[in-house]
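Undergrad: Output the structure for:
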Amino acid sequence: MITRIIVATAIALFFTPATLLFSQEHPEHPTKGAAEHAKKGAAEKKVSTADISAGIKKNIQVETKKNSDGKFHVKHEGQDLAMDLIKVHDDRLQDLGDGKYFACVDMKGTDGKTYDIDFFLTGQPGTMKVTETSVHKIDGKPLYNWKEENGKWNKVPAS
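TA: Prediction:
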């Protein structure tokens, strides 16, 4: 009997998509936002994930050039972290609707640690502005997670 339960559970888990097994790490694209963009028509250009990727890369490049050390700086818990871009997580870029976008990047700090940085942006392709930046993970350890409540994504303490 126990063997049957174990086999049935193993088969069920095999066919269950992995995304359902784990909590969401980053915001998903709200369906409401997509409908609103479609209704606005040609007056407003649809922003693609490639546009979001280009926007975050441009922001990092501009901010890096402003600093005499050639590093991108983020304030975290009273510290000024100087970092270099490792990669933009193109698979986690999101259009959140209402002209708001999400990007996640990995950066290497001068302290040798790897930082996962979450960015929120607004604007249109070529003119995107970063509105919020936060350190999400340090060396793979999350400082917070994302949880959807009533269609809105909120930061929650890491468990």
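
Undergrad: in this structure, which spans are helices?
TA: 2-15, 18-21, 31-40, 49-66 (DSSP state H).

Undergrad: which stretch in those is the model least sure about?
TA: Ranked by mean pLDDT, the helices of the chain end with helix 18-21 at the bottom, a mean of 38.

Undergrad: just for this structure, where's the confidence low?
TA: 1-45 (pLDDT under 70).

Undergrad: where along it do the strands fall?
TA: In the chain, strands defined by DSSP state E lie at 72-76, 79-88, 94-97, 100-109, 114-122, 129-138, 141-142, 144-149, 152-157, listed in chain order.

Undergrad: so which of the ones you listed gets nearest residue 48?
TA: In this view, the strands of the chain are compared for proximity to residue 48 by C-beta to C-beta, and strand 94-97 is the closest at 8.2 Å. C-beta here means a position set from N, CA and C on the backbone, and glycine is covered the same way.

Undergrad: how far does the closest one sit from the chain's center?
TA: 10 Å (C-alpha atoms, centre = their mean, to the nearest Å).

Undergrad: C-alpha coordinates for that strand, CSV please?
TA: Taking Å, rounded to 0.1, in the frame of the first residue of the first chain, the C-alpha atoms of strand 94-97 are listed here in CSV:
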residue,chain,number,x,y,z
GLN,A,94,8.5,41.8,-16.9
ASP,A,95,6.1,44.4,-18.1
LEU,A,96,4.0,45.1,-15.0
GLY,A,97,1.5,47.3,-16.8
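
Undergrad: Report the strands that pair with it, each with its relative direction.
TA: strand 100-109 (antiparallel) (DSSP bridges).

Undergrad: quick one, what contacts the residue nearest the centre of the chain?
TA: Geometric centre of the chain, nearest residue: residue 104, 3.5 Å, by C-alpha atoms, centre = their mean. The neighbours of residue 104, taking C-beta atoms under 8 Å, 6 or more residues apart in numbering as the test, are 26, 88-89, 92-93, 116-119, 136.

Undergrad: distance of it from residue 85?
TA: 12 Å (C-beta to C-beta, to the nearest Å).
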